[in-house]
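Undergrad: Here you go, sequence then predicted model.
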Amino acid sequence: MDLPEPGLYRTTAPHPRQSDAFPAGRLVFVGQKDDQGFVVVPHYNENNRWFWREPTTPLGDADGEFVAGLVALPPEGIYTLPRTLTFEGGGRWLDNAVVQLGYDRQGQGIAFVAERRPVDANGLFFSDRGQRIDDAVLFGLRWAPILPVQDDAH
């Protein structure tokens, strides 16, 4: 069985041996450890990003249909919108707005728009409340490379 690249995926079929842990419509991370593929569900979310931990579930030849049904998702991170989004109840985010991409436990994309706040530092703020986005917007997001902060101590 060919394993997919390590990363985030949405399941479309339940896992053949662990359907309760990995039902259809679930955010998972697929990785590799000691030449063995594995899948794991998210453990906790902090600052709109998921974190993962043991236990992981090995992937083997019997999991081919499950693996074939995985939908690769863009990595969590900073992107720009491919078009203006208008929301029910009012409000809109403009084309090319800077957003942080996160996911709910079902693997649906959530965008958190960047805001400037009146603070001493010149930076952006991302709320912990975002807007669910459909797959057309999700797969149209444009990566926004943000340089990491340099540690002055080194």
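TA: Noted; the coordinates are in hand.

Undergrad: Can you tell me which helix or strand of the chain has the lowest average pLDDT?
TA: Lowest mean confidence among the helices and strands of the chain (mean pLDDT, DSSP states H and E): strand 124-126, at a mean of 87.

Undergrad: Measure how far whichever helix or strand comes after that one is from the centre of its chain, please.
TA: Downstream of strand 124-126, the first helix or strand assigned by DSSP states H and E is strand 131-132. Here strand 131-132 is found 13 Å from its chain centre; the criterion is C-alpha atoms, centre = their mean, to the nearest Å.

Undergrad: Packing partners of the least confident helix or strand of the chain?
TA: On a contact count with 3 or more C-beta pairs under 8 Å, 6 or more residues apart in numbering; DSSP states H and E, strand 124-126 meets strand 109-116. No exception for glycine: its C-beta is placed from N, CA and C like everyone else's.

Undergrad: Could I get the contacting residues of residue 104?
TA: Under the criterion of C-beta atoms under 8 Å, 6 or more residues apart in numbering, the neighbours of residue 104 are 27, 110, 132.

Undergrad: Ok, residue 115 next?
TA: With C-beta under 8 Å, 6+ apart as the criterion, the residues that contact residue 115 are 124, 125, 126, 127.

Undergrad: thinking again about what came up before, next, format the contacts of residue 104 as JSON lines and append neighbour count.
TA: Compiled in JSON lines, the contacts of residue 104 are given as follows (neighbours: other C-beta atoms under 10 Å):
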{"residue": "27", "neighbour count": "18"}
{"residue": "110", "neighbour count": "18"}
{"residue": "132", "neighbour count": "13"}
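
Undergrad: Pipe these into JSON lines and attach pLDDT per row.
TA: Putting the contacts of residue 104 into JSON lines (pLDDT from 0 to 100) gives the following:
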{"residue": "27", "pLDDT": "98"}
{"residue": "110", "pLDDT": "98"}
{"residue": "132", "pLDDT": "95"}
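
Undergrad: ok, for residue 22, nearest residue in space, not its chain neighbours?
TA: residue 15 (3.6 Å; C-beta to C-beta, 6 or more residues apart in numbering).
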